[in-house]
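A.B. asks: No letters, just coordinates:
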DNA sequence: GATTTCACTCAACAGTCGTTGACTCAACGA
DNA sequence: TCGTTGAGTCAACGACTGTTGAGTGAAATC
């Protein structure tokens, strides 16, 4: 057939990619503890020993699988912060990168995933807080972040019937006022 | 010492209780998959085989540990629904019953815990929805429930620094307007 | 007081897991 | 062309898991 002979470096790259894809998918589906090296290797069409040879350990494989981008930041106004959050919802409802899903799926049971989640949420909170007025900005930023986390968990991981098939625009529309009141813009 | 001789039935009851307490605590701390029968038995000061003899299997033990009360319902107005939610937050911030914590901890990785969580959240949503006006009441009820879930997860399970030591009244105060806008009371 | 019941323990089985070392064979450099 | 590198496989080890069956001794029953 069209079986081209690939140079070694390229072949290595592709195999590593297949393993990482399989790992991300499995971690996202069943979480860290239920995902097995054998399962990942099987899904990638590869021997389990190869996974170990490439990534060293299951922990390290997980670490590579959930590597998360450092969030490109720019100065935002308090107003557009809400839209940015709702935008991240849009991406969350569609195809949230499987690496993030894997991290979220495991964050309640795998200590390292929990630490990673704390870090990601923490810098999200930091970004929000410095765009919000008031001295309890951090607390309100944390609550806004957790609102989004709750919705993402309910939709992506628990797959609640009430959110199934609901267009993200409608969720964003309903959530917008709630997030807006948390910005502390309006005087009480 | 004061070692009274207990009748068999009473002794059995106490031992089962110790096992269930240990199970709830361990399930809540590390989740279903990382909790072991040996760990539960050790914490209860009992042989692992006894846990099996009493509860049949690890699954059954978990089922008994997370048994949740059927939520005593009464007809509520749309207004007081928010206060009821915030009240459940109060209990969530303090000592949410360990059984519920165990269920929450495991809901992302253990399929049966996920099903249980879906059921509990579902009936919570139902209660809310029938107290809310509008035809998208169920969706708004689901979002309100997920808001609370997100806060509970962030505080109880992830233990975010931003929420550590924050009195529940302040969280309730900040969350109240957000939940209120989700009731759909105000015209747009 | 003899017998039965039952709470509880001990030791082991069988399966699965992460991990490892020796091995095969094709691509590479000289 | 020949030795070397490295991608990939195979079989196994040791640890840990849920689970089980036989066994022990004290409380319950007669």
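C.D. replies: Arrived safely, thanks for sending. Keep in mind that this is a model prediction, so the values were computed, not measured. Numbers count the residues shown, from 1 in each chain, chains lettered A, B, ... in the order given.
A.B. asks: quick one: the helices in chain A?
C.D. replies: Remark: helices assigned in chain A by DSSP state H are A:8-34, A:37-44, A:48-55, A:58-65, A:78-93, A:98-106, A:111-129, A:137-152, A:168-182.
A.B. asks: who's in contact with residue A:147?
C.D. replies: Applying C-beta atoms under 8 Å, 6 or more residues apart in numbering or on different chains, we find residue A:147 in contact with A:175, A:178, A:179, A:182, B:146, B:147, B:150, B:151, B:178. C-betas here are computed from N, CA, C, even on glycine.
A.B. asks: nearest to residue B:125, of the helices of chain A?
C.D. replies: Nearest of the helices of chain A to residue B:125, taken as C-beta to C-beta: helix A:137-152 at 12.8 Å.
A.B. asks: pLDDT on the closest one, on average?
C.D. replies: Helix A:137-152 shows a mean pLDDT of 95 in the predicted model.
A.B. asks: quick one: that helix to helix A:111-129, angle?
C.D. replies: 120 degrees (axes from the mean of the first three to the mean of the last three C-alpha atoms, to 10 degrees).
A.B. asks: Using neighbour counts, pick out the buried residues of helix A:137-152.
C.D. replies: For helix A:137-152, the neighbour count (16 or more other C-beta atoms under 10 Å in any protein chain shown) marks A:137-152 as buried.
A.B. asks: same check, this time on stretch A:39-51
C.D. replies: For stretch A:39-51, by 16+ other C-beta under 10 Å, it's A:39, A:40, A:41, A:43, A:44, A:46, A:51.
A.B. asks: so which pair among those residues is furthest apart in space?
C.D. replies: Farthest pair in those (C-beta to C-beta) is A:39 and A:46. Separation: 11.5 Å.
A.B. asks: just the contacts of residue A:147 now: which is nearest DNA strand C?
C.D. replies: residue B:150 (29.4 Å; C-beta to the nearest atom of the strand).
A.B. asks: list the contacts for the closest residue to that closest one other than its chain neighbours?
C.D. replies: Leaving out its chain neighbours, the residue that sits closest to residue B:150 by C-beta to C-beta, 6 or more residues apart in numbering or on different chains is residue A:150, at 2.3 Å. By C-beta under 8 Å, 6+ apart, the residues touching residue A:150 are B:146, B:147, B:148, B:149, B:150, B:151, B:153.
A.B. asks: just residue A:144 next, same as before
C.D. replies: With C-beta under 8 Å, 6+ apart, residue A:144 has these contacts: A:85, A:128, A:179, A:182, A:183.
A.B. asks: Let's have the residues you listed in a markdown table, adding neighbour count, distance to residue A:58 and pLDDT.
C.D. replies: Listed next are the contacts of residue A:144 as a markdown table, based on neighbours: other C-beta atoms under 10 Å in any protein chain shown; distance: C-beta to C-beta, whole Å; pLDDT from 0 to 100:
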| residue | neighbour count | distance to residue A:58 | pLDDT |
| --- | --- | --- | --- |
| A:85 | 22 | 33 | 68 |
| A:128 | 25 | 34 | 89 |
| A:179 | 22 | 38 | 92 |
| A:182 | 25 | 39 | 93 |
| A:183 | 20 | 42 | 89 |
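A.B. asks: so which of those residues also contact chain B?
C.D. replies: A:179, A:182 (C-beta under 8 Å from any C-beta of the partner chain).
A.B. asks: Contacting DNA strand C as well, which ones from the contacts of residue A:144?
C.D. replies: Subset of these in contact with DNA strand C: empty, counting by C-beta under 7 Å from any atom of the strand.
A.B. asks: What residues does chain A have near DNA strand D?
C.D. replies: A:8, A:9, A:11, A:12, A:15, A:45, A:46, A:47, A:48, A:49, A:50, A:53.
A.B. asks: Taking those residues together, which two end up most distant?
C.D. replies: A:9 and A:48 (23.2 Å).
A.B. asks: For the residue most central in space within chain A, give me the pLDDT.
C.D. replies: In chain A, the C-alpha nearest the mean C-alpha coordinate belongs to residue A:100, at 2.1 Å (C-alpha atoms, centre = their mean). Among the per-residue scores, residue A:100 shows a pLDDT of 89.
A.B. asks: so what's it up against?
C.D. replies: Applying C-beta under 8 Å, 6+ apart to residue A:100 gives the contacts A:66, A:68.
A.B. asks: That one and residue A:124, how far apart?
C.D. replies: Distance of residue A:100 to residue A:124, computed by C-beta to C-beta, to the nearest Å: 12 Å.
A.B. asks: Throw the buried residues of stretch A:39-51 into a markdown table and include pLDDT, thanks.
C.D. replies: Listed next are those as a markdown table, based on pLDDT from 0 to 100:
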| residue | pLDDT |
| --- | --- |
| A:39 | 98 |
| A:40 | 98 |
| A:41 | 98 |
| A:43 | 98 |
| A:44 | 98 |
| A:46 | 98 |
| A:51 | 98 |
